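1. sequence and predicted structure below; questions after.
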Amino acid sequence: MLCDSEAILEESLLAMDTSKLHIQRIGDRAVVGPAYQLEAIREALQERGTYPKVIGELVPPSVLEEDEDEDDEASDEEDDEETSEQEESA
Amino acid sequence: MSKQRNDQGRSQSGPLTTDELESLFERGYGLSSHRFISQAWDLDPDEDPELIASQIEDEDQVAERLKSLDTVPRAILSQVAASGGRMRGENLRRDLLLRGFGDTEDILRDLVNQCILVPIPNPGESELDIEALIDQDSFLQHDLAVPPLVEHELNDEAESLGPEAVGTWKGSIETTRDQDLDALELNLLHLSSLLQQEPLRLNKSGAPNRRSLRRFARGIAFPGDRGEAGDELDLNDAIQLDYLTFLLAMALELGFIEKDEDETVVNGRHEEVRDYFCASEDDRNRRLINAFQNLEYWSEVESLSLAIAQRHPDYEEHFSLTEPTGESFIGARGYVLSVLRRSRLKRWTRREAIVELCSRLDPNYLPRTLENADAGVEDALDYIEAVLDRGLVWLGASEAGESEDGVEALRFQGRGAEVIGLKADSDETTSEHEDDGPSPEDEGEGCLVVQPNYEVMLFLDAAPLDVIFHLYHIGERNNLSERVANFQLTAESVQWGYSHGLDADGVIELLNDNSHAPVPDTVEFQLRDWERVHQQLKLYADGVLLRHSDADKLDLILGQLEHDWRGEDIETIRLGPSSVFIPEDDPPGLERVIEQEDALDIDYLGEIPPSLYFVDSLELMADPLECDLVTLSELEKIADKLEEPSSEGSQFYKLSIDAIKARWPDNTLENVVEFLDVRTAGGIPPGQALKLKSLLQEPLHATLSEDVFVVILESKIVADHFGRVPECEMIIEERVGERAFTVNEEHREELDEILEDLKIKASYK
């Protein structure tokens, strides 16, 4: 990831949760990491409303490492019975 | 001479001439046929063949007979006439079915009875008995010919006499439902564009989570509506939910969306959506009908059941994107489509006749396919109706109408006919294209207005699909009503488009080319500014990071590489004194440099070389330029960097037990050992492993015994016996290994006595 300025890089890193990423900052404007993490970085930036320019072909998700244990927090509640819908519409 | 000619001509082509008929009376027809034909043409049964032949060539006779015909028999004769005056009976019946006349076997029989449609003996057949053919219902297995005057008279009528013109219904047909493939495509584009930005969650059943689905479904226009669902959306309405399921199933087949491995969420796919919506109409038509035919996750049978409430479908299963409810119908669906493809249903045709066509054309295939599919559909007619009344309606390929006397009719026109693959009729295609709206040159001109408040009004009827697609790329559609869609250009939406391959120049050109008025200056300025902001951050998807501790040496290596790249457009980006990034996955010359410099080659998609060294108790050393990024970043999570004695080329870390536990809360020891083992040259030292085990799990224990001596027997068997001697059991403190025991010093005398008693000769070390 290459930024125009140090400030933009700082801002971008603050916008992302880097704890699960294997990245290393090199110099004032760049962060490097394995290519398979790019999609995750892009998604993290997009979630914060930053849409970086991507150069080159993204590495397909199939090569992602196995150890990236996913938190199943996204498995929100299932559709409840009619009641939940009614509650919502109410 | 003429007889020979006619013999050769039998069963070939053309109407039934007098010469041919006379020769058939000599060879071919039996006496009964002679009498039958003669009587049918109002002559004595045993009339002379020449007279019979002249009777069927008599203009008054033929005119009178044609005059007395109803419209459908006349249309049938005109079909034979248009085919040269002669057709195989089965082919004639099939063609009439395909034209939407329904089954005409009875009318054909009547025409044969009147001998205005005359069965011709098959090659080699003699003594043909026409009455027997009629009785045995086998007249369709023969050529049926009309007299030359009939052929001449009706030759031009075939095309003008479709089912709509022969009194199948009263008055004109009023359209009750238009074909609307464009609406389907707009819905697919809307859905898949939103799904590229946010996933759709699925329940365990595979059905879309309705709260999640609601976010995408509001902008969908349901069939027959001219605006988006918006406030009318009700996901408890099974029909609405069914249509959304159909859209998702189509999007899956078209490759616009994909399920994740666990089948818990559905995501949009950018490339596939772009490929489709920027493709030609012919290509899109082909992909649409293929996707429809191969629908796996939606069943027209269950859908129609829902619509007419015949029976309550298995609710979750039908709406599931993981239960292939439509898969078992792929063969049957393909059959119905293939029949329609061969038909000539561009004009209004009774719906019942189309159902009949599909069931009769190959009467055994569909029931057999449905039986093999074992999908619970017993009657082929039910399935055909499900395709016609639901599948093709949702697809938007058919147009429905109703006559004044309530006859339901269908037709496939324009794009609907092209999607189905109906053969083009030259006269129809010409007239249709005249009504097709704007020509390709005109299309797109002035289909949108860009307003200074960054809103784009798009007039859908005039907008080419690729323009709509690109607007979905750069804007958020916030309204659809009466064929006008409003897109809001925002910093996020435009930058999203830029991150997916667009640029400001392209967007401005697209808007200007399709706008009624030039793009306002403020909008143009903002589009360029958003691009500037967007380019402040670049992600390079692949490339090589070249590092060397000596900046001058790195420059030298880079110089060598650039020398190799002369003439090639390869960029290098200096990240720091010891690091250069080359945005190429395999730059020329790199392999030679690696070999020449004996450099470390780390491939992050391959095996990572060991780069850690244990230097002291739980202390590690790593060379930051030699160590891969994954190892280094993990190390920083589980160890504290030691400022002393770290230097630029060697960094020292002390493993932190608390940090290790935080990094791997479960199976901590296994995880840390596995991590260190593969990254340490020679594997993790045993002493370090013991220390980690002791610190991470529980302290290891050792017992130190004093004042003991060890008795070592010569073999395990001897030791086993020795240990079981009662006197020995009393003095042995502990068995050590297979052959040895420890005995406390205080039992020394007792041991000596036992050994003597057992005749074991002891020696002392």
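-> Sure, I can see it.

2. what's the burial count for the residue of the stretch 301-450 of chain B at minimum distance from chain A?
-> Using CB to the nearest CB, the single residue of the stretch 301-450 of chain B nearest to chain A is residue B:316, 9.1 Å away. The C-beta positions use only the backbone N, C-alpha and C, and glycine is treated the same way. For residue B:316, the count of nearby residues is 14 (other CB atoms under 10 Å in any protein chain shown).

3. where does the stretch 301-450 of chain B have low pLDDT?
-> Counting by pLDDT under 70, the low-confidence segments of the stretch 301-450 of chain B come to B:309-315, B:423-445.

4. and the strands in it, which stretches?
-> B:349-350, B:399-403, B:408-411, B:448-450 (DSSP state E, counting those that start in this stretch).

5. present those as TSV; the columns should include mean neighbour count.
-> Below are the strands of the stretch 301-450 of chain B laid out as TSV (neighbours: other CB atoms under 10 Å in any protein chain shown):
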stretch	mean neighbour count
strand B:349-350	24
strand B:399-403	20
strand B:408-411	23
strand B:448-450	22
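
6. coming back round to it: any figure for the gap between the residue of the stretch 301-450 of chain B closest to chain A and residue B:203?
-> 7 Å (CB to CB, to the nearest Å).

7. now residue B:460
-> 34 Å.

8. now do the contacts for residue B:478.
-> B:486, B:487, B:488 (CB atoms under 8 Å, 6 or more residues apart in numbering or on different chains).

9. and those residues, which of them are buried?
-> B:486, B:487 (16 or more other CB atoms under 10 Å in any protein chain shown).

10. what about the contacts of residue B:478, which are in strands?
-> Applying DSSP state E to those, the entries found in strands are B:486, B:487, B:488.

11. any idea which of the residues you listed is closest to residue A:24?
-> residue B:488 (39.0 Å; CB to CB).

12. would you mind giving the ones in strands among the contacts of residue B:478 as a markdown table with distance to residue B:175 and pLDDT added?
-> A markdown table is the format used below for these (distance: CB to CB, whole Å; pLDDT from 0 to 100):
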| residue | distance to residue B:175 | pLDDT |
| --- | --- | --- |
| B:486 | 29 | 93 |
| B:487 | 31 | 94 |
| B:488 | 35 | 94 |
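
13. which one of those is nearest residue B:257?
-> For these, the nearest to residue B:257 is residue B:487 (21.4 Å; CB to CB).

14. how about the strands in the stretch 1-150 of chain B?
-> B:86-88, B:118-120, B:143-145.

15. so where's chain B shaky on pLDDT?
-> Judged by pLDDT under 70, the stretches of chain B that qualify are B:1-12, B:158-168, B:309-315, B:423-445.

16. what helix or strand is the residue nearest the centre of it located in?
-> Geometric centre of chain B, nearest residue: residue B:253, 2.1 Å, by CA atoms, centre = their mean. Using DSSP states H and E, residue B:253 falls within helix B:238-254.

17. pull the CA atoms of that helix into CSV?
-> Extracted in CSV, the C-alpha atoms of helix B:238-254 (Å, rounded to 0.1, in the frame of the first residue of the first chain):
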residue,chain,number,x,y,z
ALA,B,238,-44.6,-15.2,-0.6
ILE,B,239,-44.9,-13.9,-4.2
GLN,B,240,-42.5,-11.0,-3.6
LEU,B,241,-40.1,-13.3,-1.8
ASP,B,242,-40.5,-15.8,-4.6
TYR,B,243,-39.6,-13.3,-7.2
LEU,B,244,-36.5,-12.2,-5.2
THR,B,245,-35.5,-15.9,-4.9
PHE,B,246,-35.9,-16.1,-8.7
LEU,B,247,-33.6,-13.1,-9.2
LEU,B,248,-31.0,-14.5,-6.8
ALA,B,249,-31.1,-17.9,-8.5
MET,B,250,-30.7,-16.2,-11.9
ALA,B,251,-27.8,-14.1,-10.5
LEU,B,252,-26.2,-17.2,-9.2
GLU,B,253,-26.5,-19.0,-12.6
LEU,B,254,-25.2,-15.9,-14.4
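
18. elements contacting it?
-> Counting contacts by 3 or more CB pairs under 8 Å, 6 or more residues apart in numbering or on different chains; DSSP states H and E, helix B:238-254 packs against helix B:181-197, helix B:210-217, strand B:257-259, helix B:281-293, helix B:300-308, helix B:315-318.

19. buried ones in it?
-> Neighbour-count burial for helix B:238-254 [16+ other CB under 10 Å]: B:238, B:240-254.

20. show me which residues of the stretch 101-250 of chain B sit near chain A.
-> Residues of the stretch 101-250 of chain B lying close to chain A (CB under 8 Å from any CB of the partner chain) are B:197, B:201, B:203, B:204, B:207, B:209, B:210, B:211, B:235, B:236.

21. mind checking which of those residues are buried?
-> Using 16+ other CB under 10 Å, the buried ones in those are B:201, B:203, B:207, B:209, B:210, B:211, B:235.

22. identify the farthest-apart pair in these.
-> B:201 and B:235 (13.6 Å).

23. how about residue B:490, what does it touch?
-> Per CB under 8 Å, 6+ apart, neighbours of residue B:490: B:454, B:475, B:476.

24. contacting chain A as well, which ones from the residues you listed?
-> Okay, of the contacts of residue B:490, nothing touches chain A (CB under 8 Å from any CB).

25. who wins on neighbours among these?
-> Busiest of the contacts of residue B:490 [other CB under 10 Å] is residue B:475, holding 24 neighbours.

26. I'd say it and residue B:489 touch.
-> Yes: contact criterion CB atoms under 8 Å: residue B:475 and residue B:489 qualify, at 5.0 Å.

27. tally of neighbours for the nearest residue to residue B:171 once chain neighbours are set aside?
-> Nearest residue to residue B:171, sequence neighbours excluded (CB to CB, 6 or more residues apart in numbering or on different chains): residue B:404, at 3.4 Å. Using other CB under 10 Å, residue B:404 has 11 other residues around it.

28. what about residue B:404, distance to residue B:177?
-> 17 Å.

29. show me what contacts residue 49?
-> Since you didn't name a chain, this refers to chain A. So residue A:49 contacts B:491, B:492 (CB under 8 Å, 6+ apart).

30. that's the other chain; I wanted chain B
-> B:21, B:22, B:25, B:26, B:34.

31. so of these, which ones are in helices?
-> B:21, B:22, B:25, B:26, B:34 (DSSP state H).

32. filter these down to the buried ones.
-> B:21, B:22, B:25, B:34.

33. hang on, the earlier thing: okay if I get the strands of the stretch 1-150 of chain B as a markdown table plus mean neighbour count?
-> A markdown table is the format used below for these (neighbours: other CB under 10 Å):
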| stretch | mean neighbour count |
| --- | --- |
| strand B:86-88 | 21 |
| strand B:118-120 | 25 |
| strand B:143-145 | 25 |
